[in-house]
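J.: requesting a structural model of the entry that follows:
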Amino acid sequence: LQAPASDRDYLDTLPTTAAARTKACELHCMGLGDTLLAPSETSFGHPMTAYRFHALSARMADDDMFSWDLTCDELKQKLGHIALPILLVYSLADEYVPPFVDVRELARRMERAMASPRCEAVFVEGAKHSLEGHEQQLISAITSFIPRKP
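T.: The predicted structure follows:
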């Protein structure tokens with residue numbers, strides 16, 4: 001997983017999120033999840049369905065998998081099905097990760113939540129969310145992780 005960052009943690013730092021989350025939740029609960037929210041409501045710069053915004057911004061919704069406040073049991077509920085080897089690559093200057101998130105601790109908790117026989121975390125200093133300018137570090141991490149044939 002490259003840049004496992006929580007949309008909810010980031011969205012909670014924006015002033016428009018609470019109202020948009022409430023609207024999205026109401027529409028979703030009324031069976032109107034396909035209703036489009038305006039770009040100004042979602043903070044993503046493009047229209048988004050009420051279902052999708054709800055999935056990204058509500059606690060324990062479908063896409064709330066990496067949020068800082070999830071308990072160990074909740075992380076296990078979200079990630080416990082992952083049973084293949086997995087490499088977690090974290091950008092330590094990720095503009096979408098709020099300062100209150102302890103990325104290294106979250107990585108440890110995510111590793112414990114997964115059923116993977118091999119889970120490793122790599123932390124890329126100075127990298128933004130996209131890892132632009134740090135591609136070689138990503139390639140090195142991946143090639144080191146992938147087992148070589150004898």
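J.: what about stretch 59-68, start to end distance?
T.: One end of stretch 59-68 sits 11 Å from the other (C-alpha to C-alpha, to the nearest Å).
J.: mind listing what's buried in that stretch?
T.: Residues of stretch 59-68 classed as buried by neighbour count (16 or more other C-beta atoms under 10 Å): 61, 63-68. Heads up, the C-betas are built off the backbone N, CA and C, glycines and all.
J.: inside helices: which ones of these?
T.: The members of these all map outside helices under DSSP state H.
J.: make CSV out of these and add distance to Ala121.
T.: Output for the buried residues of stretch 59-68, formatted as CSV (distance: C-beta to C-beta, whole Å):
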residue, distance to Ala121
Ala61, 25
Asp63, 21
Asp64, 20
Met65, 15
Phe66, 12
Ser67, 17
Trp68, 15
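J.: now the strands for the protein?
T.: Secondary structure of the chain (DSSP state E): strands located at 36-37, 48-49, 86-91, 119-124.
J.: may I see the ones you listed organised as a markdown table, with mean pLDDT added?
T.: A markdown table is the format used below for those (pLDDT from 0 to 100):
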| stretch | mean pLDDT |
| --- | --- |
| strand 36-37 | 96 |
| strand 48-49 | 96 |
| strand 86-91 | 95 |
| strand 119-124 | 94 |
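J.: now those in TSV, with mean neighbour count and distance to Ala20?
T.: As requested, those are exported to TSV (neighbours: other C-beta atoms under 10 Å; distance: least, C-beta to C-beta, whole Å):
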stretch	mean neighbour count	distance to Ala20
strand 36-37	18	6
strand 48-49	20	9
strand 86-91	21	26
strand 119-124	18	31
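J.: could you dump these to JSON lines with distance to Met30?
T.: Formatted as JSON lines, those follow (distance: least, C-beta to C-beta, whole Å):
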{"stretch": "strand 36-37", "distance to Met30": "14"}
{"stretch": "strand 48-49", "distance to Met30": "13"}
{"stretch": "strand 86-91", "distance to Met30": "37"}
{"stretch": "strand 119-124", "distance to Met30": "40"}
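J.: quick check: which of these is nearest to Asp9?
T.: Closest of the strands of the chain to Asp9 is strand 86-91, at 13.5 Å (criterion: C-beta to C-beta).
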